[in-house]
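**Student:** here are the coordinates; sequence isn't available:
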Ligand SMILES: Nc1ncnc2c1ncn2[C@@H]1O[C@H](COP(=O)(O)OP(=O)(O)OP(=O)(O)O)[C@@H](O)[C@H]1O
């Protein structure tokens, strides 16, 4: 049944049954039985699922797999029996050329043993470790060591089509686990410019590892060099997150960076870095090897011992002797339908300060226009199996797991472990790197919320997990129905990230994708090294617990089995019982008389009809039951859909809220800035205005004071002059009055004498009057001027210095002065 189909299917599907837990107290009823293989030397391929005896009448289902591994099967049995070796060999391409992509995945209900199978346990190695072991050992003579091959990092990074950050294993491991030898080296090494920053950091910075760019988030900042703005470098310390832009510190960081080995710099920045080093004249310690980076606050603990069993030291696969290889490891997880790098530490969010990973895209890139790749992953060049295993451990540490009612360490995401085997012709002038990849996938397990007792975020995760597994189930069902057709659109793999990642490389290249056939030993003569001539070879290991959850297990088996047979049990009980009873009592009773039916015959006929009717109805009920079961499944699927849509809606709402909040915040900030600037401008204008006013006041007060003083001087002079003139007038008056009338008469009488006297007196008086007139005129002018200025001063609030009475007096005096002598007398 399965043989023909398994040839055409995209996946070879194996079933592994897990043994019951040793501490299980009450053994549940076993619902799964393995069918004996036809040939005793072969492994079984079929199982039967017997519904538990709980009064619900369900169909007995039979499933076919490539091979069934029973409970007692070991990790080694799985390794040899599932075709992992041909998979590894295919990736290495022993016949020349790029090799063939391989995919190894596990699928099953939560707690059924997926992670145990693929990743092993504390004491047992899993298929991943075994595959790495055989891979590294097989290419040991052909592998390039990143620590000794100087150009390796640059050439591999240049050939990578996925915008990856390529990094050497040594540096990465130091980043994650710390440098075991750093402490001993620290004392003998010259102090680095960045070690001590503040009293607090000085005490914590006992390891000079603080210096590495990643610990200060400097990789993106180096881009600043390209734009010629090293001042704007933003230095963020991983464990404290202060941001400062200090020129001196920046310079010191830069000079430290310039002295780092090139391998410390991410691939996409190599050229910038090289340029910067070239032009930098301040490199402090050339040739000094700096300590490893410390992006983590707390280092991971280096595993003291990795499991060594099962031992496969005698197992090797063929390699291409004319090629040299490089191994690149990357790890990512699909969590809530988003891809996250497991080898890049989470970075703090600017606004929330929460440590988060950035989701990555599965997309075609410039270098890979016709094939999607996970873009922007961190890829680690590993020279040894130990390095690869340590990278694996570090990545697993970052993977999301949670304790649920079904499994204390349940994987909450689909984990991807990618081993890229880079390959090029071995020669003095090696060509471009080509190669293929082995992808190992540990899928999250399907679970029922009731059994797993999950809630909140874990329940939401479960919704997403179940949904993605449902899509995977649809794809697997379609792929097992493919027959000879290779049309990719028959398998609806674009429904979610998981199926896209698993299936998009499973199909032979289409006419547009295919490239002219190349000789087997030509490594990428074509422009895009991502072209593949063969679809990936895929192995799926389904794990099941024969005494676990019947419903969940049967669902998984239905999805994944290469073939299925359903046996609907007949209903012997009702029909046959009635018929048997009738037969016993009446049916076979001898006929009485000829031709006519006796009462018993009539009765028997009625009974027969009733029995047939019952049988028909029973079948109908069975059909209805089957339909009910189907629609129940459909309902469950729809519910899962709905749940995931609701989750998505919540997510979108949260995202929109966040966006609105950010936008509002930004607007508020800009409005505040604008308002502050306007306010500041207004204040400055006001200040200037008030200053000017004050200045004017001060000046006018000074002027008035000066003028006042001057006026007072003048008034004083005039008054003195006036006083003098007045006294002179008085004197003259007295003088005139003091003369006796006799003396005056003779003057009158003696005309000549009188006239002469009068003439002399007149002349003297005229002279005096003239003099007085001149004096009075000038006094009047002066008084008038003072009056004018007094008025203007009065207007400005200063009192007048001359009074109108004085004017009157003056006028009187003048009048008096101008009177005829006769009138006066
Ligand atoms: N074949 C086996 N032999 C021994 N122990 C096993 C086997 N399979 C599973 N186990 C044990 O069962 C437990 C659950 O297994 P595991 O974590 O691999 O389940 P899982 O399918 O990966 O679960 P989840 O999907 O929740 O991550 C572990 O303690 C594991 O060691």
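**Tutor:** That came through fine. Keep in mind that this is a model prediction, so the values were computed, not measured. Numbers count the residues shown, from 1 in each chain.

**Student:** going forward, measure contacts between C-alpha atoms and count neighbours the same way
**Tutor:** Fine.

**Student:** near the ligand, which residues of the stretch 1-150 of the chain show up?
**Tutor:** Within the stretch 1-150 of the chain, the positions adjacent to the ligand are 18-19, 110-116 by CA under 6 Å from any ligand atom.

**Student:** secondary structure element for residue 735, which one?
**Tutor:** Secondary-structure element containing residue 735, defined by DSSP states H and E: helix 599-738.

**Student:** hmm, I typed the wrong one, I wanted residue 329.
**Tutor:** strand 323-335.

**Student:** re the thing from before, which one of the residues of the stretch 1-150 of the chain next to the ligand is nearest to residue 644?
**Tutor:** residue 110 (19.0 Å; CA to CA).

**Student:** and for the closest one, the neighbour number?
**Tutor:** Using other CA atoms under 10 Å, the number of residues around residue 110 comes to 30.

**Student:** tell me the contacts of the closest residue in space to it that isn't next to it in sequence?
**Tutor:** Setting aside the residues directly before and after it, residue 110 is nearest to residue 445 in space (CA to CA, 6 or more residues apart in numbering), at 4.0 Å. In this structure, residue 445 makes contact with 107-111, 114, 410-411, 465, judged by CA atoms under 8 Å, 6 or more residues apart in numbering.

**Student:** point out where the stretch 251-400 of the chain drops to low pLDDT.
**Tutor:** Within the stretch 251-400 of the chain, the segments meeting pLDDT under 70 span 251-298, 400.

**Student:** 90 - rerun?
**Tutor:** Scanning the stretch 251-400 of the chain with the threshold set as pLDDT under 90 gives 251-309, 322, 335-338, 344-359, 363-372, 376, 394-400.

**Student:** cool, and the stretch 1-150 of the chain?
**Tutor:** Segments of the stretch 1-150 of the chain classed as low confidence (criterion: pLDDT under 90) are 1-12, 20-31, 36-43, 49-62, 95-99, 108-111, 115, 121-123, 144-150.

**Student:** for it, which segments count as helices?
**Tutor:** Listed in chain order, the helices of the stretch 1-150 of the chain (DSSP state H, counting those that start in this stretch) span residues 2-8, 75-81, 84-92, 114-119, 127-138.

**Student:** got CSV for those helices, with mean neighbour count too?
**Tutor:** Listed next are the helices of the stretch 1-150 of the chain as CSV, based on neighbours: other CA atoms under 10 Å:
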stretch, mean neighbour count
helix 2-8, 16
helix 75-81, 17
helix 84-92, 23
helix 114-119, 24
helix 127-138, 22
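
**Student:** now the terminal residues of stretch 28-45, how far apart.
**Tutor:** End-to-end distance for stretch 28-45: 24 Å, by CA to CA, to the nearest Å.

**Student:** in that stretch, which residues are buried?
**Tutor:** Residues of stretch 28-45 classed as buried by neighbour count (16 or more other CA atoms under 10 Å): 31-32, 34-35, 43-45.

**Student:** please identify which pair of these lies farthest apart.
**Tutor:** Pairwise across the buried residues of stretch 28-45, and taking CA to CA, the largest span is found between 31 and 43, at 20.3 Å.

**Student:** residue 52: neighbour count?
**Tutor:** Each residue near residue 52 was counted by other CA under 10 Å, and the total is 15.

**Student:** re earlier: looking at the contacts of residue 445, which has the most residues close by?
**Tutor:** Of all the contacts of residue 445, residue 110 has the most neighbours under the rule other CA under 10 Å, reaching 30 neighbours.

**Student:** test my guess that that one contacts residue 444.
**Tutor:** Yes - contact status for residue 110 versus residue 444: in contact at 7.2 Å, counting by CA atoms under 8 Å.

**Student:** quick check: closest non-adjacent residue to residue 472.
**Tutor:** Here the nearest residue to residue 472 in space, its sequence neighbours aside, is residue 499; by CA to CA, 6+ apart that works out to 5.7 Å.

**Student:** does residue 318 sit in a helix, a strand or a coil?
**Tutor:** Using DSSP: H, G, I helix; E, B strand; the rest coil, the structure places residue 318 in coil.

**Student:** for it, what are phi and psi?
**Tutor:** The main-chain torsion angles of residue 318 are listed as degrees, to the nearest 10 and equal phi -70, psi 150.

**Student:** before we move on, what about residue 548?
**Tutor:** Here residue 548 shows phi and psi, under degrees, to the nearest 10, equal to phi -90, psi -140.

**Student:** which parts of the strand holding residue 329 are buried?
**Tutor:** Judged by neighbour count using 16+ other CA under 10 Å, the buried positions of strand 323-335 are 323-335.

**Student:** which other helices and strands contact the helix or strand just after it?
**Tutor:** Moving toward the C-terminus from strand 323-335, the next helix or strand (DSSP H and E) is strand 338-341. Strand 338-341 sits against strand 323-335, strand 359-364, with contacts defined as 3 or more CA pairs under 8 Å, 6 or more residues apart in numbering; DSSP states H and E.

**Student:** packing partners of the shortest one?
**Tutor:** This means strand 359-364. With contacts taken as 3+ CA pairs under 8 Å, 6+ apart, strand 359-364 sits against strand 338-341, strand 372-375.

**Student:** next helix or strand past the last one?
**Tutor:** Spelled out, it's strand 372-375. strand 378-382.
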